[in-house]
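K.L.:
Need coordinates for the below:
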Amino acid sequence: EAYLSSLGFSDAELRRAKVRYVRKIDPDVHTTVKPVMSWLADIGLTTLQVRSVVSKSPTVFGNSLEQILQPAVKWLKHLGLDDGQVAKLLASFPAVLTLSVERTLEPKVKWLKGFGLDNQQVAKALARFPTFLSLSVEK
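P.N.:
Purely as a prediction, here's the structure:
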């Protein structure tokens, strides 16, 4: 908590993060918090966007950087989103970082492609309406 405060998180943002993150954040910020915060900045998120991700979806700290978070961003870029679009998408809908590429994200893209959309059109749609990824596309 002190680390996040030192980065400019307001008391309200910290409270929201605590309420949304049921498990206590590992007190060793060097193994959980700092690597994720650094990675978010490294992939192009501004300080404000990083704060948005953390306050909206603090569960990112409970996910593996190598097995969950990085593959999700790699998948978004593979679809054709550029760095700026990925940063904006993550800031507005950070839960995408917690969704399974194979079980959740791919089926939704396949569903969109079923309407004749190509990768570029899918990327544009997701950049504009990222919460689509949270919707059910089953019959």
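K.L.:
What does the pLDDT read for the nearest residue to Lys56 once chain neighbours are set aside?
P.N.:
Leaving aside its sequence neighbours, Lys56 sits nearest to Pro94 (Cβ to Cβ, 6 or more residues apart in numbering; 5.1 Å). Where C-beta positions appear, they are placed from N, C-alpha and C, glycine not excepted. Note on Pro94: pLDDT of 93.
K.L.:
Over to Gln121?
P.N.:
On the pLDDT scale, Gln121 is placed at 94.
K.L.:
got it, and Val22?
P.N.:
Val22 is assigned a predicted lDDT (pLDDT) of 47.
K.L.:
isn't the residue nearest to Lys56 right next to Ser52, touching?
P.N.:
Yes - under the criterion of Cβ atoms under 8 Å, Pro94 makes contact with Ser52 at 7.2 Å.
K.L.:
out of the two, which sits in the more crowded spot?
P.N.:
With neighbours defined as other Cβ atoms under 10 Å, Pro94 and Ser52 compare such that Pro94 has more, 23 against 17.
K.L.:
That one and Ser57: what is the separation?
P.N.:
4 Å (Cβ to Cβ, to the nearest Å).
K.L.:
Identify the contacts common to the two.
P.N.:
Applying Cβ atoms under 8 Å, 6 or more residues apart in numbering, one finds that no residue jointly contacts Pro94 and Ser57.
K.L.:
For the protein, just list every one of the helices.
P.N.:
Secondary structure of the chain, counting by DSSP state H: helices at 2-6, 11-20, 33-42, 47-56, 70-79, 83-92, 106-113, 119-128.
K.L.:
For stretch 109-128, which residues meet the burial criterion?
P.N.:
Within stretch 109-128, the residues that count as buried by 16 or more other Cβ atoms under 10 Å are Val109, Leu112, Val122, Ala123, Lys124, Leu126, Ala127.
K.L.:
Alright, calling it a day.
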